[in-house]
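S.K.: Structure for the following, please:
(chains A and B)
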Amino acid sequence: MISRERVHDLLDHAMRFSRADDVEAQLSGVTQHLTRFANNGIHQNVSQRTVTVSVRVAFGRRCGRASTNRLNTEGLREAVAAAEAIARNSPELPELEPSAGVQTYEERLHHDSATARCGPDGRAKLAGIAIEAARAHALTCAGFVTTGEGVEAIATRRGAFAYYRLTRCGFSTTMMGEDASGWAEGSESMLACLDVRRMVHAAVEKARAGAKPRALRPGRYAVILEPSAVYDLLLFLQEGFGGRQVLEQQSFLTDRLGQRIFGENIEIHDDVAHPLHDGPYFDGEALPRKSVHLVERGVARALVHDRATARAFHTESTGHAQPPPNPLGPVPINLVVVGGHTTLEDMIRSTERGILVTRFWYTRLVEPMKVVLTGMTRDGTFLIEDGRIKHGVRNLRYQQSVVEMLNRVTAMGPSVRASWNENPTIVLPPMKVEGFRFVGKATTG
Amino acid sequence: MNEIAELALDAAVGGGATYADVRVVQDRREEIVTRNGRVASLAQQESLGVGVRVIVDEAWGFAASDDLSNEAIKATALRAVAIARASALYRRGPMPLAPAEKVVDVWAPPFVKDPFQLPLEYRIAHLLAADRIGASIKGVTLFEGFLECSRQSKLFLSSIGSRIHQDRIRTGAGIAASAFRNGELQRRSWPASSGGQFLLRGWEMVEALDLPGHAARIGEEAVALLDAPECPSQVGDLILEGSQLALQIHESIGHPIELDRVLGSEANFAGTSFLTIPDLGTLRYGSPAMNVVVDARLEHGPAPGTMGYDDEGVAPQRTEVVTEGIFTGFLTSRETAPAIGQARSNGSMRAVGWNFAPLVRITNLSLLPGEGSLESLIGDTRDGVLMSTIRSWSIDDKRVNFQFGPEIAWEIKGGKRGRMLKNPSYGGNTLEFWNSLDRVCGPEEWLLWGMPDCGKGQPYQMCEVGHGTAPARFRDVRIGVEA
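M.R.: The predicted structure follows:
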């Protein structure tokens, strides 16, 4: 992947083409390889490499942005010219700030050369662990193995420069039996930390344990949500912690900052330095990302800001800007939900009657102010009775306010890293929740 | 583009591929977003790269790069070959491909006004004109405008000798009004949500939308929704207008008929399908009023699913998917068509850019019109609800159990449109729902909707599709949430 020195030279080269009052340039590069398997065989196997430079220029308070992946002189010059043409023909932006000057960063890298070097044979071997397990247990498996590298960098004419490199690897598998399935997924920045065998085993065991699932009547149940299920719900809180969303009255925190909105056992931070997180230590305005204590003892304590929303709130940027100008505004991308000490097994043992949920599927927002979501359970849903898993359950549809749910959390386990597909990672715990609302059940097609 | 493609193809075949195809794609896009009188975002993006797909040892490999030096192009092709060899370590079995014809062609759908030739300030001013009207409505707390113009040039070469150049423009536009009061937020969009309407047309499609002409209405409706009664839960007649019905078609017909999904290829992500191969020609998908086609030819209209050739070099054909309620067609590819005994693919393989491998995708999937106007359909409905404009949607991983929540509804009593209703939703089972269809409005109400955001695949690809619909009525539908 492209080195720090080369990136610095490239961005400097791009900025020199502009005669604007202010210039900044960003680089984003990714190499991603993904080996996909289904029906106990590899069926899709892909690799891509792309590097893009984005230039933002400003004439006074008129700004324009253009990006290109043609990184030769001609491509960069044309991108700068396009950005300048946009700026000259755009209305003024009253909230436009000058680009950042020299900054002090706590630099971090999450790059592992062994992960970067993993080739198609290595990924096939990891896929083979799932495929062979499926064959051994008369199941059908699907899933993927992915490895890759990324680079993010930003430079301003006023002297800021930041560079970040990471590697990323991931594994996911669905194990399918005749009438039940199990699933597991995980991502890390180092291949050595990706426990494929554990995930394969977990998915196989869920598929087997869920055989001959029975229907349950919809209603309110105690639920034990594995981290992936919690993730699917809490992802919908993310944008609401941003200053722009609150200013425009689009957030569940509108008119509620400073109020207790969750249970007292809920603590939420945004913290790029958390050991289970990765990602750039700088934002889209080249400012350092700060740790923000968003929710303290259930009280909505703070928001994340870029410089424009910080000015509106009479505070300072927290370093959460997306590259400006941006309609959504600042977003926390390193959420941490502080967990507890109760193990999943203890949560099950403490449950008289409830449902264990591995994950949700097709979750969508129904109502934004209470963050009411709907979706289905999937790939491992079980009835718990008298402290033990009784049997598999046919999938259920839920409709539940996340705000309300976080007032009914009665137990949490230690926080772990959770992600899904290509969405941001959240560090969060498994949770036991009382009175979770299921509104329908799966029927045959 | 020719030199890049030829170099890649030669390297792939020289490296041992028994089949290879190459796409060189150049994309240019401009997006403008306005919010409450300011330009909240305005950016242009350009991308050029090459993607190489190969078969080696009866297994697929794909590699793509935007490093277009000769050395890098060859390396990309050889990487695809190495990836295919690794795939062969866990090959699923023989991979017969339906044959494809050698094609040499150029395709470019017509348009009238190139949006990129219009001054930028003109495009901005058009959105802000709608914004001035909509944001001035009392009670509107956020007014948004969206405009996207894109141009794509794509060269496809294959080892069977095909050489196809496709060049097209796509334009999309829409507006949305939000009203917030006392902890409640309501929203109205025109002509549709998720950025609006998208067509393979030029600026003339934006003019036809008349964004300023609809701005006041959607602002007033967003505010009125705050005071409207909740849509009651009931089992009754439901009329869905065009864009909402487009989503219904997309989720409960489009995805289940993707043959690769039926065969298990998407099981880890989007799931499988309730359809099986024996259902073809036998399953009663819906009532006799239900006639659905897949048609990505230009004759069907300039929706974003329209193309000259798919990303395997196969020309799209019109496929009858549901004929008088009976299921009659899948979306197929060269690899999947043999599974249903078909001699050729119906041209449904698409990738969203040079850097992704193609998958079986929805192209244009349309419910054919019936008879009569929307007003006549309302007049024929004694007691029901009319719902409009996508807001929330959710369906299970087999595409059976769904729950959708549009932006707005109106009750229908005694054949007349009555009170506005807020927070409507409806749900059900796919086959029961389509078997409850009893009327589809006529050609005068039929519109081709372009949607830019259909997600599928790992890595994730967000693809554009088209759906032709006219408002339609469904009987005895569960309106509201079940329990």
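S.K.: C-alpha only now, for contacts and for neighbours.
M.R.: OK.
S.K.: Which parts of the stretch 101-250 of chain A are strands?
M.R.: A:140-156, A:161-176, A:181-188, A:219-225 (DSSP state E, counting those that start in this stretch).
S.K.: and what of the stretch 201-350 of chain B?
M.R.: B:234-240, B:292-294, B:319-323, B:326-327, B:349-350.
S.K.: Is the helix or strand just after the last one positioned near chain A?
M.R.: Using DSSP states H and E, the helix or strand that directly follows strand B:349-350 along the chain is strand B:359-360. No. Judged by C-alpha under 8 Å from any C-alpha of the partner chain, strand B:359-360 stays clear of chain A, getting no closer than 9.6 Å.
S.K.: which residues does residue A:251 contact?
M.R.: By C-alpha atoms under 8 Å, 6 or more residues apart in numbering or on different chains, the contact list for residue A:251 reads A:239, A:240, A:241, A:245, A:368, A:369.
S.K.: ok, so of those, who is nearest residue B:38?
M.R.: Ranked by distance to residue B:38 (C-alpha to C-alpha), the contacts of residue A:251 are led by residue A:245 at 15.5 Å.
S.K.: Thought residue A:34 was touching residue B:459, still the case?
M.R.: Yes. Judged on C-alpha atoms under 8 Å, residue B:459 makes contact with residue A:34 at a distance of 7.2 Å.
S.K.: higher neighbour count, those two?
M.R.: Set side by side, residue B:459 and residue A:34 show more neighbours around residue A:34, with 25 against 19, by other C-alpha atoms under 10 Å in any protein chain shown.
S.K.: Report the next helix or strand after the helix or strand hosting the more buried one in sequence order.
M.R.: Per DSSP H and E, residue A:34 falls inside strand A:22-38. Next helix or strand after strand A:22-38 toward the C-terminus (DSSP H and E): strand A:41-59.
S.K.: before we move on, the earlier item: centre of the chain to the strand holding residue A:34, how far?
M.R.: Averaging C-alpha positions (C-alpha atoms, centre = their mean, to the nearest Å) puts strand A:22-38 15 Å from its chain's average.
S.K.: helices or strands up against it?
M.R.: Using 3 or more C-alpha pairs under 8 Å, 6 or more residues apart in numbering or on different chains; DSSP states H and E, the elements in contact with strand A:22-38 are helix A:4-15, strand A:41-59, helix A:120-136, strand A:140-156.
S.K.: If we use 7 Å, what do you get?
M.R.: helix A:4-15, strand A:41-59, strand A:140-156 (3 or more C-alpha pairs under 7 Å, 6 or more residues apart in numbering or on different chains; DSSP states H and E).
S.K.: can you tell me which residues contact residue B:185?
M.R.: When contacts are counted by C-alpha atoms under 7 Å, 6 or more residues apart in numbering or on different chains, residue B:185 touches A:369, B:178, B:179.
S.K.: give me that answer again for 8 Å
M.R.: Going by C-alpha under 8 Å, 6+ apart, the list of residues near residue B:185 reads A:250, A:368, A:369, B:178, B:179, B:226.
S.K.: CSV for the contacts of residue A:251, including pLDDT, neighbour count and distance to chain B?
M.R.: CSV is the format used below for those (pLDDT from 0 to 100; neighbours: other C-alpha atoms under 10 Å in any protein chain shown; distance: C-alpha to the nearest C-alpha, whole Å):
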residue, pLDDT, neighbour count, distance to chain B
A:239, 96, 21, 16
A:240, 97, 24, 13
A:241, 98, 25, 16
A:245, 97, 22, 11
A:368, 96, 19, 7
A:369, 97, 19, 6
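S.K.: so which of these comes closest to residue A:195?
M.R.: Nearest to residue A:195 among the contacts of residue A:251, with distances taken as C-alpha to C-alpha, is residue A:239, at 30.9 Å.
S.K.: tell me, how many neighbours does the spatially closest residue to that closest one that is not a sequence neighbour end up with?
M.R.: Of all residues not flanking residue A:239 in the chain, residue A:331 sits nearest, at 5.5 Å (C-alpha to C-alpha, 6 or more residues apart in numbering or on different chains). Around residue A:331 there are 24 other residues, counting by other C-alpha under 10 Å.
S.K.: thought residue A:331 was touching residue A:318?
M.R.: No. Contact criterion C-alpha under 8 Å: residue A:331 and residue A:318 do not qualify, at 10.3 Å.
S.K.: Check the contact lists of these two and give me the overlap.
M.R.: Common neighbours of residue A:331 and residue A:318, counting by C-alpha under 8 Å, 6+ apart, are A:304, A:305.
S.K.: mind showing which ranges of chain B have poor pLDDT?
M.R.: Residue ranges of chain B with pLDDT under 70: B:482-483.
S.K.: if we go to 90?
M.R.: B:92-95, B:481-483 (pLDDT under 90).
S.K.: repeat for the stretch 101-250 of chain A
M.R.: A:106-109.
S.K.: Quick check: residues of it near chain B?
M.R.: With C-alpha under 8 Å from any C-alpha as the criterion, the stretch 101-250 of chain A meets chain B at residues A:120-121, A:124, A:128, A:142-144, A:172-174, A:218-219, A:248-250.
S.K.: Make a ChimeraX selection of the buried ones in these.
M.R.: Listed next is the ChimeraX selection for buried residues among these, using 16 or more other C-alpha atoms under 10 Å in any protein chain shown:
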select /A:120,121,124,128,142,143,144,172,173,174,218,248,249,250
